[in-house]
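Visitor: Predicted model follows, preceded by the sequence.
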Amino acid sequence: MFTKVLICLLFSTMSEFFTLYDFNKDTSITDWKVIDDTVMGGVSNGKFKLNEEVNAVFYGHVSLENNGGFSSVRHKMESLNVQPYSHFEIRLKGDGKPYQFRSRSDSSQRHSYIFKIQTTGEWQTVNVPFTEMYPAFRGNTLSIPNYAGETLAEVAFLIGNKEEQDFTLEIDYIRLK
């Protein structure tokens, strides 16, 4: 009887979340792509790597030269049904600067859904409710509904605070809950 209860509890716990990305020693980050303001003439320089603690690190320098001002790292995926979930859970450690967590529900979609994260300089677990992710395109908020949480095709982190700055964002995992 005890074994059955334990198995049921384990199954119940495991089904409460879905891990999109868990950075560890077996993780390949080749499917993450850095996109900087160089696509529009800027000179910002972001990088993405695994550190010695085997967490992902998004780091670099944002420059305002040539009308620049942002760096991002993105992970595209096969379209995923996310209807059983209501939010993202992200464990990260920033440098005290604000970042954007972004998602797209379709790979052909031009706009992103955005949630702003103020990092503290310490490890933090951030809950990102789908309903609080607002739609935007090229810095402009759109007059369409917030993220519906039906499908997911991309997740991203972006820094673009309208100031020249170095940045470092360490990421442990991204889950759906």
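Guide: Yes, it's here.
Visitor: where are the low-confidence patches of this structure?
Guide: Residue ranges of the chain with pLDDT under 70: 1-15.
Visitor: Can you tell me the strand partners of the helix or strand hosting Arg91 and which way each runs?
Guide: For Arg91, the host element (DSSP states H and E) is strand 87-93. Applying DSSP bridges, strand 87-93 is found paired with strand 123-129 (antiparallel), strand 165-176 (antiparallel).
Visitor: Point out the most buried one among the ones you listed.
Guide: Most buried of these by mean neighbour count (mean count of other Cβ atoms under 10 Å) is strand 165-176; its value is a mean of 18. C-betas here are computed from N, CA, C, even on glycine.
Visitor: got the CA coordinates for it in CSV?
Guide: In CSV, the C-alpha atoms belonging to strand 165-176 read as follows (Å, rounded to 0.1, in the frame of the first residue of the first chain):
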residue,chain,number,x,y,z
GLN,A,165,25.9,48.5,-20.2
ASP,A,166,27.6,45.2,-19.7
PHE,A,167,25.3,42.4,-18.6
THR,A,168,25.2,38.9,-17.2
LEU,A,169,22.2,36.6,-16.8
GLU,A,170,22.7,33.1,-15.5
ILE,A,171,19.8,30.6,-16.1
ASP,A,172,19.3,27.3,-14.3
TYR,A,173,16.0,26.1,-15.8
ILE,A,174,12.8,27.1,-17.6
ARG,A,175,9.6,25.2,-16.8
LEU,A,176,6.0,25.2,-17.6
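Visitor: Run through who's touching it.
Guide: 17-23, 51, 55-62, 71, 82, 85, 87-95, 97, 99, 119, 123, 152, 155, 157, 159 (Cβ atoms under 8 Å, 6 or more residues apart in numbering).
Visitor: Show me how to select, in PyMOL, the buried members of the residues you listed.
Guide: In PyMOL syntax, the buried subset of the contacts of strand 165-176 is picked out as below (16 or more other Cβ atoms under 10 Å):
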select buried, resi 20+21+23+55+56+57+58+59+60+62+71+82+85+87+88+89+90+91+92+93+94+95+97+99+119+152+155+157+159
